[in-house]
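>>> A predicted structure for the sequence below; I have some questions about it.
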Amino acid sequence: MKNLFFLIIGLFYFTMHAHTQVIDSAYFKCTYKLSSLTDLLRPDKRQADEMLLLVGEHYTMFGSYKNYLADSLILANPEEHNDIKLGAAVISLPTGSGFLPKTANNQVFYINRHSRELTSQASIMSGLSFQYQETITVPDWTIENESDSLLGYICQKATSRYGGRDWTAWFTPEITVSEGPWKLRGLPGLILKAEDKDEHYIFECTGLQRLQQKSVIKKDTEKEYRKISKKEFV
């Protein structure tokens, strides 16, 4: 039965070594806990993931931290590690098998900090990979008088209507990095927490670090992805 299982995997799944290019070096790293409600008919079933924000001089990258770590290990030891995927789903095989599990949350955002051009790369259940680009706007934030303490930093409250949702963010002027999770940015300090009014998406910072040894910001080469518009992707 076990041999049959792996035979089926061999027939219906494929192994892909992603070709990547380094686009920047990150000097700042921030991790967020993401709690999301993806099915409005099941409000008690929230999904959790750990997200990674890397900030470089020219680009930021935002995506699943687990997938970033797995891809880094695969690139460092391509003969020892790999992953098995069917679209966005990934098979988790036993430790020592040489395969690295990933999460299905595989959409990655790259933002050019100067031109505000965003590149999004993702796979869907059909097994196809897509890439779209858009020029994003900075949220029109209103900085409120309320303050709070998060991770030992004094934070200020800010609100904005952005991307069809009403957002509340808490940012700290003590860290002069004008970035945050997803596309939320443009405040005079790092966003440590953000949530929409309906609490469909809640981002909470779990750790941050100024990197002495810079981490690379890398993305798959464009030939791996079918280029489409954002409207087609949605």
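Structure's in. What do you need?

>>> Could you pull out the strands in the protein for me?
In the chain, the strands defined using DSSP state E lie at 20-36, 47-56, 59-64, 84-86, 89-91, 108-112, 117-123, 129-135, 142-150, 153-162, 165-172, 190-196, 201-220, 226-227.

>>> So for stretch 131-149, first residue to last residue, what's the gap.
38 Å (Cα to Cα, to the nearest Å).

>>> centre of the chain versus it, how much separation?
Centroid separation for stretch 131-149 versus its chain: 17 Å, with Cα atoms, centre = their mean, to the nearest Å.

>>> Please list the residues outside that stretch that contact it.
111, 115-121, 154-162, 167, 169-170, 183-187, 222, 225-230, 232-233 (Cβ atoms under 8 Å, 6 or more residues apart in numbering). Using the backbone N, CA and C atoms, a C-beta is placed for each residue, glycine as well.

>>> what pLDDT, on average, does that stretch get?
Here stretch 131-149 scores 96 as its mean pLDDT.

>>> ok, back up a step: of all the strands of the chain, which lies closest to Ser178?
Closest of the strands of the chain to Ser178 is strand 190-196, at 7.7 Å (criterion: Cβ to Cβ).

>>> Next, the angle from that closest one to strand 165-172.
In terms of direction (axes from the mean of the first three to the mean of the last three Cα atoms, to 10 degrees), strand 190-196 departs from strand 165-172 by 150 degrees.

>>> Tell me which strands strand 190-196 pairs with, and in which orientation.
According to DSSP bridges, strand 190-196 has the following sheet partners: strand 165-172 (antiparallel), strand 201-220 (antiparallel).

>>> can you redo the ones you listed as JSON lines with mean neighbour count, distance to Val55 and mean pLDDT?
Converted to JSON lines, those look like this (neighbours: other Cβ atoms under 10 Å; distance: least, Cβ to Cβ, whole Å; pLDDT from 0 to 100):
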{"stretch": "strand 165-172", "mean neighbour count": "21", "distance to Val55": "14", "mean pLDDT": "98"}
{"stretch": "strand 201-220", "mean neighbour count": "16", "distance to Val55": "9", "mean pLDDT": "91"}
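
>>> quick one on the thing from earlier: for the strands of the chain, could you give me TSV that also reports distance to Ser178?
What follows is those, written out as TSV (distance: least, Cβ to Cβ, whole Å):
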stretch	distance to Ser178
strand 20-36	11
strand 47-56	9
strand 59-64	10
strand 84-86	35
strand 89-91	34
strand 108-112	12
strand 117-123	16
strand 129-135	18
strand 142-150	13
strand 153-162	12
strand 165-172	9
strand 190-196	8
strand 201-220	14
strand 226-227	29
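
>>> Let me know how buried Leu118 is, in neighbour terms.
Burial of Leu118 is recorded as 18 neighbouring residues (other Cβ atoms under 10 Å).

>>> pretty sure it is touching Tyr110, no?
Yes. Between Leu118 and Tyr110 a contact is recorded at 6.9 Å, counting by Cβ atoms under 8 Å.

>>> What's the end-to-end length of stretch 135-154?
Termini of stretch 135-154 sit 32 Å apart (Cα to Cα).

>>> May I see the strands paired with strand 190-196 arranged in JSON lines, with distance to Tyr59 as well?
JSON lines is the format used below for the strands paired with strand 190-196 (distance: least, Cβ to Cβ, whole Å):
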{"stretch": "strand 165-172", "distance to Tyr59": "21"}
{"stretch": "strand 201-220", "distance to Tyr59": "5"}
